[in-house]
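Chemist: pasting the structure only:
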């Protein structure tokens, strides 16, 4: 009689808990099977890193636990739909837990992302002083020829976009001290006043740690003003724009509500020769190409199109007079193309891939001027900066 009443009322028996459990187990088992046989990747383009591969066991690694640790890393790196799970975690952290930090990236207002720098360790402070001493000694050996340009972090120019209450290190005070020390031996360019005045312009990428080509151009204009040079005539050149740039900050934080950047640049075709470093002031040409490798605009690391990345030593044929050597980190990559309007030859050294001092190179190549261009956060911690003051081969950057 009860069954008849149920049917007349239009109700159906509810699924049993056992059926739901069986379905859940089937889904878990199915995912596990798919995870085993799904294609494995060597790299993650979004994370910009190599992914762990299946480790081969050995008696030593099994007994000391290393193989188990490597296997756990492999399973984590090669889980099916990895990108989706990372994006989901980022969205949950932001929406449900209101997190304003992800993988040492601060998630600021209006889509801004900043490198976290709450404290400067004693190790970094020690390295910074070594770098300051090296640049000062180098500039003292080349009096009147060295200019020092240190780009401030985006957080200094846009502090209002930081997460509320973010206890950032006092970069302004550190910059004041850096400029005071190096200013005793070299000309310095402090970009903070002009960048702050022009902060409504597109000076820094929101998803990347670099400045934009527009920010680089504003810095270049200050360099020209200091040197009495006529700047590259932007109005006389056509621009090109690359859309959907997701930079290094996005790769680390994977912000769920990301607003992609764009890169607007001048497609100059000045030839650049990249060299193999054979020794101190000894180079072999590897290849010559335009100073902007447009093929890299089709990759994840679009900023690497400028100067084709961070080569140890390269030279660029310019349209001006005289010569200049630029000692740099990657901030200079979008800055250097503008120098083609002012110099006939531009040498570019990235000390991360150049293990020699520079006095012999300057003498052999006859460079008239030297520009040292870094961004603040790289300069204070980079152990390779000290090579600027070392004329002979070393076995380690921090010796």
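Modeler: All right, it came through fine. Source: prediction; values computed, not measured.
Chemist: From start to finish, how long is stretch 158-177 in a straight line?
Modeler: 21 Å (CA to CA, to the nearest Å).
Chemist: Oh, that last question was meant for stretch 277-286, not what I typed.
Modeler: Stretch 277-286: ends 10 Å apart by CA to CA.
Chemist: Report the buried residues of that stretch.
Modeler: Across stretch 277-286, burial judged by 16 or more other CB atoms under 10 Å covers 277, 280, 281, 283. All C-beta spots, glycine's among them, are computed from the backbone N, C-alpha and C.
Chemist: Also stretch 370-386?
Modeler: 370-382, 384-386.
Chemist: Distance from it to the middle of the chain?
Modeler: 14 Å (CA atoms, centre = their mean, to the nearest Å).
Chemist: and that stretch, average pLDDT?
Modeler: Taken as a whole, stretch 370-386 has a mean pLDDT of 97.
Chemist: do stretch 306-313 as well
Modeler: Mean predicted confidence for stretch 306-313 is 96.
Chemist: and it, how far apart are its ends?
Modeler: With CA to CA, one end of stretch 306-313 sits 14 Å from the other.
Chemist: what does that stretch contact?
Modeler: 213, 265, 272, 274-275, 277, 283, 289, 291-293, 296, 314, 329-330, 333-334, 336-337, 347-350, 352-354, 361 (CB atoms under 8 Å, 6 or more residues apart in numbering).
Chemist: Which of these are buried, as a PyMOL select command?
Modeler: Buried residues among these (16+ other CB under 10 Å), as a PyMOL selection:
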select buried, resi 213+265+272+274+275+277+283+291+292+293+296+314+329+330+333+334+336+337+347+348+349+350+352+354+361
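Chemist: Return the subset of the contacts of stretch 306-313 lying in strands.
Modeler: 265, 272, 274, 275, 277, 283, 289, 314, 347, 348, 349 (DSSP state E).
Chemist: Next, the buried residues of the helix or strand in which residue 194 is found.
Modeler: Assigned by DSSP states H and E, residue 194 belongs to helix 192-197. Judged by neighbour count (16+ other CB under 10 Å), helix 192-197 contains these buried residues: 192, 194, 195.
Chemist: Same question for stretch 106-115.
Modeler: Neighbour-count burial for stretch 106-115 [16+ other CB under 10 Å]: 106, 107, 108, 111, 112, 113, 114, 115.
Chemist: Assess the claim that the fifth one and residue 206 are in contact.
Modeler: Which is residue 112. Yes - between residue 112 and residue 206 there is a contact at 5.1 Å, judged by CB atoms under 8 Å.
Chemist: if we can go back for a sec, just the buried residues of helix 192-197 now: which is nearest residue 321?
Modeler: residue 194 (26.2 Å; CB to CB).
Chemist: Run through the residues that contact that closest one.
Modeler: Counting by CB under 8 Å, 6+ apart, residue 194 has contacts 218, 222.
Chemist: mind starting the numbering at 18 from now?
Modeler: I'll keep to 18 as the first residue from here, and by that count the last item is residue 211.
Chemist: any idea how far residue 138 is from residue 391?
Modeler: 19 Å (CB to CB, to the nearest Å).
Chemist: Tell me which stretches of the stretch 218-367 of the chain form helices.
Modeler: 230-244, 265-270 (DSSP state H, counting those that start in this stretch).
Chemist: and residue 190, which of those is closest to it?
Modeler: So among the helices of the stretch 218-367 of the chain, helix 230-244 is nearest, using CB to CB, at 21.4 Å.
Chemist: Can you list the buried residues in the closest one?
Modeler: For helix 230-244, using 16+ other CB under 10 Å, the buried residues are 230, 231, 232, 233, 234, 235, 236, 237, 238, 239, 240, 241.
Chemist: In JSON lines: the residues you listed, plus pLDDT and distance to residue 178.
Modeler: Output for the buried residues of helix 230-244, formatted as JSON lines (pLDDT from 0 to 100; distance: CB to CB, whole Å):
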{"residue": "230", "pLDDT": "98", "distance to residue 178": "21"}
{"residue": "231", "pLDDT": "98", "distance to residue 178": "17"}
{"residue": "232", "pLDDT": "98", "distance to residue 178": "15"}
{"residue": "233", "pLDDT": "98", "distance to residue 178": "20"}
{"residue": "234", "pLDDT": "98", "distance to residue 178": "22"}
{"residue": "235", "pLDDT": "98", "distance to residue 178": "18"}
{"residue": "236", "pLDDT": "98", "distance to residue 178": "20"}
{"residue": "237", "pLDDT": "98", "distance to residue 178": "24"}
{"residue": "238", "pLDDT": "98", "distance to residue 178": "24"}
{"residue": "239", "pLDDT": "98", "distance to residue 178": "23"}
{"residue": "240", "pLDDT": "98", "distance to residue 178": "27"}
{"residue": "241", "pLDDT": "98", "distance to residue 178": "29"}
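Chemist: out of these, who's nearest residue 193?
Modeler: residue 239 (17.4 Å).
Chemist: Now do the phi/psi pair for the residue lying closest to that closest one once chain neighbours are set aside.
Modeler: Leaving aside its sequence neighbours, residue 239 sits nearest to residue 206 (CB to CB, 6 or more residues apart in numbering; 5.3 Å). In terms of degrees, to the nearest 10, the main-chain angles of residue 206 are phi -120, psi 120.
Chemist: so residue 206 bridges to which residues?
Modeler: Per DSSP bridges, the residues bridged to residue 206 are residue 166.
Chemist: how about it, what does it touch?
Modeler: Contacts of residue 206 (CB under 8 Å, 6+ apart): 164, 165, 166, 167, 236, 239, 240, 243.
Chemist: I'd assumed residue 240 was in contact with the first one.
Modeler: Yes - counting by CB under 8 Å, residue 240 is a contact partner of residue 164 at 6.9 Å.
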